[in-house]
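# could you look at this predicted model? Sequence included:
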Amino acid sequence: MEGPPRMSRLTVTQNEQAKVEDKVSDIYRVLVNVSPRAHSLILELWRDKHVEFLMRGLRMLAPSYHVLDANRPWLCYWMLHSIAQLGESFDPQLEEDVVDFLSRCQDPNGGYGGGPGQMPHLATTYAAVNSLITLGSEKALMSINREKLCLFLLRMKDSSGAFRMHDAGEMDVRASYTAISVASILNILDSEMVKNIGTFIVSCQTYEGGIAGEPNSEAHGGYTFCGLATMILIGEADRLDLPSLIDWAVFRQGVEGGLQGRTNKLVDGCYSFWQGAVLGLMQRLASIISGQLRSLYVNEKQDADNKTSVSASGPSEGELSSNGFSFLKTPSEGGPLYDSSALQQYILLCSQVLEGGFKDKPGKYRDHYHTCYCLSGLSVCQYSWSRDVNNPPLPTAVLGPYENLLEPVHPLFNVVLDRYYKAHEFYAGSPSANLTKPSMEESGVMNFDG
Ligand SMILES: CC(C)=CCC/C(C)=C/CC/C(C)=C/COP(=O)(O)OP(=O)(O)O
Ligand SMILES: [Zn+2]
């Protein structure tokens with residue numbers, strides 16, 4: 001694994017980076033020569049344009065949902081979540097159409113496929129569940145068959161502890177996150193689902209400090225978010241080497257202000273969330289981090305398996321599903337571990353498309369994925385100085401006019417906070433223990449090792 005950075009990639013990075021830097025410094029040259037009003041205008045979030053772009057996308061999707069065949073729950077999530085972060089409500093007819101469509105994607109044996117009749121997949125299950133929670137109506141929340149979903153999740157669980165994305169599919173950190181995220185938010189997380197997942201994720205942390213998609217691969221922001229969020233949701237974050245994770249993550253901010261996904265690659269607006277949220281989550285792990293640093297200094301070498309009192313003694317099922325809720329009660333300490341103002345500048349100046357929507361970087365086209373994750377990253381950034389995400393941030397934390405402020409998101413699930421609270425309350429009365437579930441053998445947990 002260890003070795004020098006690949007030179008070809010470094011060369012491309014430097015050339016491309018220079019072009020982006022030129023563009024950014026052109027904009028700054030304009031900025032310093034104009035009035036404060038113009039400065040503020042340039043940093044404005046073009047809300048109406050974004051809502052127009054997103055609503056148009058949703059309406060086009062609604063009648064037939066025939067585009068991007070296997071990705072339709074994702075398109076729903078990216079658009080709905082973006083609209084919710086912008087503080088807009090949904091037209092009841094549109095909401096009804098989306099719930100009906102997603103119900104048609106729900107497999108009779110649990111989970112959601114990329115379209116009606118398609119095989120259930122963990123990624124589209126996550127997207128569908130987050131979409132329905134974002135819609136937030138009783139009809140939307142009731143439409144999820146949690147009992148069957150529980151069976152689907154157990155079917156995707158391999159004997160090693162890791163999850164597969166779909167029947168006979170690949171096992172990676174995305175699968176762990178999407179499974180644990182939906183189980184936690186729907187209050188069906190149990191010890192069977194959690195078993196050995198921490199060990200799998202620990203095995204994906206690389207020599208750089210970030211987390212890879214699978215053991216022996218390269219650390220990447222997308223997988224690092226998935227791995228860290230999963231470890232927090234299962235109460236095992238202290239099994240990761242958090243100081244080295246921070247060390248890797250803080251160096252992912254480029255001179256352009258944006259964040260890159262991996263070493264020597266270009267910055268990209270979508271990592272504003274994947275990497276920004278990782279560093280945001282770290283602010284709530286301060287006590288574990290200082291404990292790990294202390295033990296480093298006193299040279300207390302601990303076996304990773306013995307570090308977690310929670311995993312050693314086994315948490316109760318109620319405790320497991322409540323990790324996502326209690327995490328928010330831990331104060332966010334010390335301010336952001338990245339330059340929040342520079343990241344907001346990158347999102348607003350380099351990723352924002354004035355006709356509506358967001359893109360990876362100048363020279364690329366807008367799309368709904370980048371719109372969703374640039375907005376999610378911007379929201380995380382705006383609240384990065386707040387100890388409590390439930391309180392509005394100070395004006396100094398929000399770059400540009402204060403009207404730029406977005407709705408806060410739950411950083412572990414990436415759904416708007418008030419929708420999360422509604423779902424949490426809705427599903428609180430019926431935890432996993434009340435669902436009739438078979439054992440691992442009865443549910444046919446796949447064992448490819450024979
Ligand atoms: C919840 C869920 C399903 C999360 C997915 C997380 C995520 C974004 C993973 C990224 C996967 C990956 C290796 C991208 C590299 O693309 P690239 O080589 O085009 O980009 P790069 O140059 O920026 O690395
Ligand atoms: Zn991207």
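Noted; the coordinates are in hand. Ligands and ions are numbered 1, 2, ... in the order given.

# helices of the stretch 151-300 of the chain, start to end?
Assigned by DSSP state H, counting those that start in this stretch, the stretch 151-300 of the chain shows helices spanning 173-185, 191-194, 197-202, 221-233, 242-250, 271-283, 286-297.

# relative to ligand 2, which residue of the chain is the closest?
The minimum distance from the chain to ligand 2, using Cβ to the ion, falls at residue 270 (3.3 Å). Quick note: C-beta positions are derived from backbone N, CA and C, even for glycine.

# could you dump the helices of the stretch 151-300 of the chain to a markdown table with mean pLDDT?
As requested, the helices of the stretch 151-300 of the chain are arranged in a markdown table below (pLDDT from 0 to 100):
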| stretch | mean pLDDT |
| --- | --- |
| helix 173-185 | 98 |
| helix 191-194 | 97 |
| helix 197-202 | 98 |
| helix 221-233 | 98 |
| helix 242-250 | 98 |
| helix 271-283 | 98 |
| helix 286-297 | 92 |
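
# quick check: which of those helices is nearest to ligand 1?
Distance to ligand 1, taken as Cβ to the nearest ligand atom, is lowest for helix 221-233 among the helices of the stretch 151-300 of the chain, at 2.1 Å.

# extract the C-alpha trace of that closest one and format it as CSV.
Extracted C-alpha coordinates of helix 221-233, given in CSV (Å, rounded to 0.1, in the frame of the first residue of the first chain):
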residue,chain,number,x,y,z
GLY,A,221,-13.8,11.0,0.9
GLY,A,222,-17.0,9.3,-0.1
TYR,A,223,-16.0,6.1,1.6
THR,A,224,-14.5,7.9,4.6
PHE,A,225,-17.8,9.6,5.2
CYS,A,226,-19.6,6.2,4.9
GLY,A,227,-17.2,4.5,7.2
LEU,A,228,-17.0,7.1,9.9
ALA,A,229,-20.8,7.7,9.9
THR,A,230,-21.4,4.0,10.2
MET,A,231,-18.9,3.7,13.1
ILE,A,232,-20.7,6.5,15.0
LEU,A,233,-24.1,5.0,14.3
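
# hey, where'd the helices end up in the stretch 301-450 of the chain?
Under DSSP H, counting those that start in this stretch, the stretch 301-450 of the chain gives helices at 304-307, 309-313, 317-327, 340-345, 368-382, 417-428.

# ok, and which of the ones you listed has the densest surroundings?
Mean neighbours per residue, mean count of other Cβ atoms under 10 Å, is largest over the helices of the stretch 301-450 of the chain for helix 368-382, with a mean of 27.

# what about that one, distance to the chain center?
For helix 368-382, the distance from its own C-alpha centre to the chain's C-alpha centre is 10 Å (Cα atoms, centre = their mean, to the nearest Å).

# which elements pack onto it?
helix 47-64, helix 72-85, helix 271-283, helix 340-345, strand 409-410 (3 or more Cβ pairs under 8 Å, 6 or more residues apart in numbering; DSSP states H and E).

# next one: that helix, is it in contact with ligand 1?
No: no part of helix 368-382 sits close enough to ligand 1 to count as contact by Cβ under 6 Å from any ligand atom; the gap is at least 8.1 Å.

# what pLDDT, on average, does that helix get?
The pLDDT scores in helix 368-382 average 98.

# same question, stretch 81-96
pLDDT averaged over stretch 81-96 gives 96.

# end to end on it, go ahead and measure it.
16 Å (Cα to Cα, to the nearest Å).

# please see if that stretch touches ligand 1.
No: using Cβ under 6 Å from any ligand atom, stretch 81-96 never reaches ligand 1; the gap is at least 12.1 Å.

# what does that stretch contact?
47, 50-51, 54-55, 58-59, 62, 80, 130-131, 134-135, 137, 139-140, 368, 371-372, 375-376, 379, 406-407, 409, 414-416, 419 (Cβ atoms under 8 Å, 6 or more residues apart in numbering).
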